[in-house]
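Any chance you could fold what I've pasted below:
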Amino acid sequence: MIDLRGYTVLPGWIDTHVHLDSHFDRTGRIATRSESPAEAALAIADNAWVTLIAGFTTVQSVGAPSEAPLRDMIRDLILGQSFLSRGIVSPSFVQHLLREHETGRRDNQTWLWSLLVLAMWLEDTRNARASPSHLPSRLPGRSEPDQQSLTEG
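Down below sits the predicted model:
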């Protein structure tokens, strides 16, 4: 426990419109797409750190080109055949949610996040069943069973 008597404690601030990828390059000019991905990643991480230290614990970065791979991955998962073929949600419903969200007509981030988590969980469980190699062959602290104990009971 931390004794905070005599201090003012505030919850983290929320900023719903940030551009973490906006920064100056080594020459002091606005960075462009010609900057290396490593330099851009470091600058984005630095901007995120400065934002956090300033008290903003939740931010929403708005449509930066650097977010395109993430956006595409999400779209591929929730519109992918392995997810939609399960019949949990209709493809037209998912497309409708995406279209509304991407055009700004409606904020469907809660729906889309839920679908993403479900799709990732289903994919993970499918992969685990197909390849249980990530499961331990025995419980920690227990010895391997001998053949006799396997055939008993």
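
now the helices for this structure?
Counting by DSSP state H, the chain has helices at residues 37-53, 68-78, 81-84, 91-103, 109-130, 147-151.

got the ones you listed as CSV, with mean pLDDT, mean neighbour count and distance to His23 columns?
For glycine as for every other residue, the C-beta is placed from the backbone atoms N, C-alpha and C. Listed next are these as CSV, based on pLDDT from 0 to 100; neighbours: other Cβ atoms under 10 Å; distance: least, Cβ to Cβ, whole Å:
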stretch, mean pLDDT, mean neighbour count, distance to His23
helix 37-53, 86, 13, 4
helix 68-78, 80, 14, 18
helix 81-84, 91, 14, 36
helix 91-103, 92, 14, 26
helix 109-130, 82, 13, 25
helix 147-151, 49, 8, 61
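
Would you mind putting those into CSV with distance to Asp15 alongside?
Putting the helices of the chain into CSV (distance: least, Cβ to Cβ, whole Å) gives the following:
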stretch, distance to Asp15
helix 37-53, 7
helix 68-78, 19
helix 81-84, 32
helix 91-103, 20
helix 109-130, 15
helix 147-151, 58
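
Which one of those helices lies nearest to Tyr7?
helix 37-53 (17.4 Å; Cβ to Cβ).

From the chain's centroid, how far away is that closest one?
17 Å (Cα atoms, centre = their mean, to the nearest Å).

Now tell me what touches it from outside.
15, 18, 20-23, 25-26, 31, 35, 59, 66 (Cβ atoms under 8 Å, 6 or more residues apart in numbering).

can you do 7 Å?
Here helix 37-53 makes contact (Cβ atoms under 7 Å, 6 or more residues apart in numbering) with 18, 20-21, 23, 31, 59, 66.

Same question for stretch 23-32.
35, 40, 43, 47.

Mind doing that once more with 6 Å?
Residues outside stretch 23-32 that contact it (Cβ atoms under 6 Å, 6 or more residues apart in numbering): 35, 43.
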